[in-house]
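Colleague: Sequence first, then the predicted structure, then my questions.
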Amino acid sequence: MGSKAWLVEDESAREMLDRVLTERPFLLLPPLHRVPLRVGNIVEIVGPSPSAKTHILIQAAITCILPRQWKGVNYGGLGHLAMFLDLDCRFDISRFSDLLNHRIMEAANGSSSEVDCQIKESEAQNATTKPYNEELFASCMRRFLYIRCYDSSEFLATLKTLHYRLQKERETHGVNVHVLLIDSIGAFHWIDRGSSSFSLEGDTRKSLHLQSVTETVVQEIRKLLLVHPMLVMATKAAVLGNRYSMNDSKRNYRTWSAKDNLHSRNVTSSDQQVPYREYMPAVWQSLITHRILVRTTDADFVNGEHQNVSTYLSEWLLPPLNSVDKFIVRDTGVFVLS
Amino acid sequence: MAPLKNLETEYPIIDSNFQNFCASHGIFSVEDFLIHDLYMLAAFAEQNVSSERLKEGITQILSIIDDMHQPWLNGMELLEDAKRNKHFLPTGIQGVDLLLGGGIRVGQLTELVGPSASGKTQVCLQTASNVARNYMMLYLDTGNSFSPQRIAYFLGKTNELASAQAKNQILQKVMSNILCHSVFDIFAMFDVLHQLESNLRCQERGGGCRIRLLIVDSISLLIAPVLGGTSTRGRALMASAGYLLKKLAHQHNLAVLVINHTVGSEGGTSKPALGDSWKSIPHSRLLLSCDRGSNVYNVSILKHPSMKNLRSKQGPS
């Protein structure tokens, strides 16, 4: 009798699809909207500095921490936690809170039937100074978890203890962490390359240089994703190749010694090839599942009265889509133009 | 990179048995744990005789590692800290203050780029004179460009209506609030900054008048000699300097202003020095230029956390 219980079905395929799509929904985040992303994907956002890469991460975090619905207003978020690993140490929380506040206001203004007219009027008066809805704002901000890392040791220490931290946050908040944002992954590249890689006590001892650090980072992320499925998004500052800008990247190609070729590939820019110089070791490149390139253009977009906002271009490299999207960064977040 | 046996007194679980077990896997210090797979290590510990104690030791090491990183904060706590500590320090120069939204931001690294003789040092001196009325500041001078006479001049200009005695008092206060160090290479700067860090950490417990502004005029003169060539150590030094400045700014609530010069690029235009690796280190970058004919100074934004782009303000000096 007991063995026959194995053959009874748990759920039909349709039920399973419904369940998976609710628990692990696809995210369509502008300007990454052409490729739906879900947990288990590891996205790399490459671009020169500055090119709105951090804003894309902030956009993802806000979409994650906003609730789906709150007091009758539809916010379209996930209501989960977002974790931000700041390796660049340049994150501006005031900018983040402004963007969150504008998103909340925009969503509240957008839904006409549920919102009281009186609330709309009073809200228009204290638009910029107070958060539109303090309670919602505070609960969203508490779902945003942030840490800074000033060097590779701190980054590795964070990753090693992240498993316990994720469990603890799940107990405190009752929801999972849905996105893990890393800004930016190549931050300690030069410092790690500069640290000596001599080996002590024979060959059994590893030291903290670029290859071992990157291998450990990749290993820890893979293990974490097995137990805590999350969407990982990492930015990477890169120097664009010849197709996009004439700079001294050509000179840097020739001065690299043969030893460096173990760590990175010099990808030349033919028309369909990757148009930037890759410097992350191959073990990191094998981890990522998606890659998008963003850069600025010289064209300005006239946004409102007399404010020229710079336009950015985004292009998917992995999966390679032959289309280029234009987007700008507004107060409410990233806005796709074309 | 202290060896494991130094931890034995504080954590008796890390006894010689545990140390030998770790040594057999090539682990001799806590930093080595960072690049080893701890789950594999626990699996090896299972096969050992004293597996329970070894696994307790690994758990103890994990809690030590937990102290090695910065604390986790949530958005509300970050915002509280920003509102309470991370103010704007007005420079006294209208154009710059307008562009930056109030002045140089505490907790951030602001860079001022400009060709030679475009007024970068003047901006520094005026900022110094303005901030030193209320706070202490540290001026790292790399090219003997610090001039007390100029500071007195700026103070005199803004206090024209005050009495001679009041003027003198302000002058005394400002001069005693400015600490000026001459540094001529990057290692001297690291020395001064590490000394500053330990002083600030002591002061945190004791109170007292604290430094609020750090000016490095100019950081490019310190970094440019070590950059270039095939060695990567120059860039590593540059990145470490950037991180040290950002750490000081954030943890001890300083505003940091660094000066960079420009170099020529293709097409005859000029671009900021120190290359692409430096580009992503400062929070905000301002470009200063001077039109010699009309004596008008022009400031524009190259980069800012709010992505306001290329707005520029003009004005006579």
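Modeller: Okay, I see it.
Colleague: same question for stretch B:266-283, mean pLDDT?
Modeller: Here stretch B:266-283 scores 85 as its mean pLDDT.
Colleague: close to chain A, is it?
Modeller: Yes. Contact check for stretch B:266-283 against chain A, using Cβ under 8 Å from any Cβ of the partner chain: residues in range are B:Glu266, B:Gly267, B:Gly275, B:Asp276, B:Ser277, B:Lys279, B:Ser280, B:His283. For glycine as for every other residue, the C-beta is placed from the backbone atoms N, C-alpha and C.
Colleague: Give me the buried subset of the residues you listed.
Modeller: Neighbour-count burial (16 or more other Cβ atoms under 10 Å in any protein chain shown) applied to those gives B:Gly275, B:Asp276, B:Ser277, B:Lys279, B:Ser280, B:His283.
Colleague: Is it correct that the fifth one is in contact with A:Asp88?
Modeller: Yes. The pair B:Ser280 / A:Asp88 is scored as a contact, 6.5 Å apart, by Cβ atoms under 8 Å.
Colleague: which neighbours do the two share?
Modeller: The contact sets of B:Ser280 and A:Asp88 overlap at A:Ser184 (Cβ atoms under 8 Å, 6 or more residues apart in numbering or on different chains).
Colleague: ok, residues contacting the strand or helix carrying A:Leu159?
Modeller: Per DSSP states H and E: A:Leu159 is located in helix A:152-160. For helix A:152-160, the surrounding residues in contact (Cβ under 8 Å, 6+ apart) are A:85, A:87, A:147-149, A:188, A:191-192, A:208, A:213, A:216-217, A:220-221, A:224, B:31, B:33-35, B:38, B:62, B:65-66, B:68-70.
Colleague: Which of those residues fall within strands?
Modeller: With strands taken from DSSP state E, the overlap with those comprises A:Leu85, A:Ile147, A:Arg148.
Colleague: Next, B:Arg212: phi, psi?
Modeller: Backbone dihedrals for B:Arg212, given as degrees, to the nearest 10, come out at phi -120, psi -20.
Colleague: Nearest residue to it in space, please, no chain neighbours.
Modeller: B:Tyr135 (3.7 Å; Cβ to Cβ, 6 or more residues apart in numbering or on different chains).
Colleague: Touching, A:Thr311 and A:Phe327? I think so.
Modeller: Yes. Look at A:Thr311 against A:Phe327 with Cβ under 8 Å: they come within range, at 7.4 Å.
Colleague: In terms of neighbours, single out the busier of the two.
Modeller: Legend: neighbour count by other Cβ atoms under 10 Å in any protein chain shown for A:Thr311 and A:Phe327, higher for A:Phe327 (23 against 20).
Colleague: Against A:His102, how distant is that one?
Modeller: When distance is defined by Cβ to Cβ, to the nearest Å, A:Phe327 is 16 Å away from A:His102.
Colleague: Do a quick rundown of the helices in the stretch 151-300 of chain A.
Modeller: With helices called from DSSP state H, counting those that start in this stretch, the stretch 151-300 of chain A shows them at A:152-160, A:162-173, A:189-194, A:210-227, A:249-255, A:282-285.
Colleague: B:Arg118: what secondary structure?
Modeller: Wrong residue type there; residue B:118 is Ser, not Arg. What DSSP: H, G, I helix; E, B strand; the rest coil gives for B:Ser118 is coil.
Colleague: dump the residue contacts of it.
Modeller: The neighbours of B:Ser118, taking Cβ under 8 Å, 6+ apart as the test, are B:Leu288, B:Ser289, B:Cys290, B:Tyr297.
Colleague: how does it look with 10 Å?
Modeller: B:Ser118 makes contacts with B:Leu112, B:His261, B:Thr262, B:Leu287, B:Leu288, B:Ser289, B:Cys290, B:Asp291, B:Arg292, B:Tyr297, B:Asn298, B:Val299, as judged by Cβ atoms under 10 Å, 6 or more residues apart in numbering or on different chains.
Colleague: got those as JSON lines, with pLDDT and neighbour count columns?
Modeller: Listed next are the contacts of B:Ser118 as JSON lines, based on pLDDT from 0 to 100; neighbours: other Cβ atoms under 10 Å in any protein chain shown:
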{"residue": "B:Leu112", "pLDDT": "92", "neighbour count": "27"}
{"residue": "B:His261", "pLDDT": "90", "neighbour count": "19"}
{"residue": "B:Thr262", "pLDDT": "89", "neighbour count": "19"}
{"residue": "B:Leu287", "pLDDT": "89", "neighbour count": "23"}
{"residue": "B:Leu288", "pLDDT": "87", "neighbour count": "21"}
{"residue": "B:Ser289", "pLDDT": "84", "neighbour count": "18"}
{"residue": "B:Cys290", "pLDDT": "80", "neighbour count": "19"}
{"residue": "B:Asp291", "pLDDT": "76", "neighbour count": "11"}
{"residue": "B:Arg292", "pLDDT": "70", "neighbour count": "8"}
{"residue": "B:Tyr297", "pLDDT": "77", "neighbour count": "22"}
{"residue": "B:Asn298", "pLDDT": "80", "neighbour count": "17"}
{"residue": "B:Val299", "pLDDT": "81", "neighbour count": "24"}
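Colleague: Grab the most central residue of chain B for me.
Modeller: In chain B, the C-alpha nearest the mean C-alpha coordinate belongs to B:Leu245, at 1.5 Å (Cα atoms, centre = their mean).
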